[in-house]
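> Please find the sequence and the predicted model below.
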Amino acid sequence: MQKMRMKIQLGKDSGHPHVPVMINDQGPFTFALDTGASATTISKSLADQLGIPTYAGKKAKASGIGGNQISVQAARLESFDVGSISFHDEEVGVIDLDAIFGSECKFGVIGYTTLRDYMIRVHYGVLEFKMQRSNGESDSDNVEWMPFKLLMNSHLVGVPVYINGKGPFDHILDTGSSGNVMTPAVASAIGVTDAMPEGLIEATGCSGGECVGVAGRAVGYGAMVRSITIGSAELNDAVMGVIDLGVVTPEGEKIDYGIIGYPFLKDYELTLDYPNHRFALAKHSGN
């Protein structure tokens, strides 16, 4: 069975899991693990550095905030290694990530096209990443499995979320999000309609109401909620960004309710079993 574990780091500002990868036997290069990304992508600068030719792929443009568009190319890698797991003749996207995200994920992003056949586990407390071919078994005892669904037949992992005891709302479980987000429709449904009270310390990133997409930023506002609950996992007295996700990315049109990101996930060991459409959140002690 293909199986590996490795130590990782987290993005200083974003909380994104940073995973070292090898490309064509060169590296390691730090990639962001992004369960919200449809495809594994490398930066244009890295493709140039490694002498990897690019070509026009199936998707020539990616739409971003406000309808802005950026060029997307494709490349075929001889090898792409995540720890001891190797992918060969792998097609990836090529985007100018340096201009979009700066140093946070300058080399690339690991997305759904790489993850879809695997069970992955991100332990935020001990900074460990595990990945294995899924056979329906887990090496963790007493895992509280919950089902997830891929929203609208996409790559987006939808999980049932309760906010202030109301719901469930299908939020996207996204390791590539720096914050927790709800759409204006959810804010209205739970009675949160005003901006964050003056004097409250504001969160940064998506939780504070500002999200970065593939071609810019979208700004909403941050709101305090009493609780965010997923199964037995709960975050109390939390800030959520209230943002129209439809203007952040085309995929935002598939997100009716919101996103669960780093501020919730940081206290847990997250397991995503893609082939069996199930996930688990195990509380860690931080040791």
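That came through, no problem.

> what's the model's confidence in stretch 97-109, averaged?
Stretch 97-109 comes out with an average pLDDT of 72.

> From one end of it to the other, what's the distance?
Using Cα to Cα, to the nearest Å, the end-to-end distance of stretch 97-109 comes to 9 Å.

> now stretch 171-183
Span of stretch 171-183 from end to end, Cα to Cα: 10 Å.

> nearest residue to residue 168 other than its sequence neighbours?
Nearest residue to residue 168, sequence neighbours excluded (Cβ to Cβ, 6 or more residues apart in numbering): residue 160, at 3.5 Å. C-beta coordinates here come from the backbone N, C-alpha and C atoms, glycine included.

> And for residue 25?
Going by Cβ to Cβ, 6+ apart, residue 25 has residue 79 as its nearest residue, at 6.4 Å.

> thought residue 9 was touching residue 15?
No. Checked against Cβ atoms under 8 Å, the pair residue 9 and residue 15 is beyond contact range at 10.7 Å.

> more crowded one of these two?
A side-by-side neighbour count of residue 9 and residue 15, using other Cβ atoms under 10 Å, places residue 15 first with 19 against 12.

> Quick check, pLDDT for that one.
On the pLDDT scale, residue 15 gets 92.

> residue contacts, it?
Counting by Cβ atoms under 8 Å, 6 or more residues apart in numbering, residue 15 touches 178, 261-263, 265-266.

> From the residues you listed, list the buried ones, please.
Buried members of these, counted by 16 or more other Cβ atoms under 10 Å: 178, 261-263, 265.

> Including secondary structure and distance to residue 274, could these go into a markdown table?
As requested, those are exported to a markdown table (DSSP: H, G, I helix; E, B strand; the rest coil; distance: Cβ to Cβ, whole Å):
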| residue | secondary structure | distance to residue 274 |
| --- | --- | --- |
| 178 | coil | 23 |
| 261 | coil | 19 |
| 262 | helix | 20 |
| 263 | helix | 24 |
| 265 | helix | 17 |
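
> got those as CSV, with pLDDT and distance to residue 21 columns?
Formatted as CSV, these follow (pLDDT from 0 to 100; distance: Cβ to Cβ, whole Å):
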residue, pLDDT, distance to residue 21
178, 88, 21
261, 95, 22
262, 95, 21
263, 95, 26
265, 97, 21
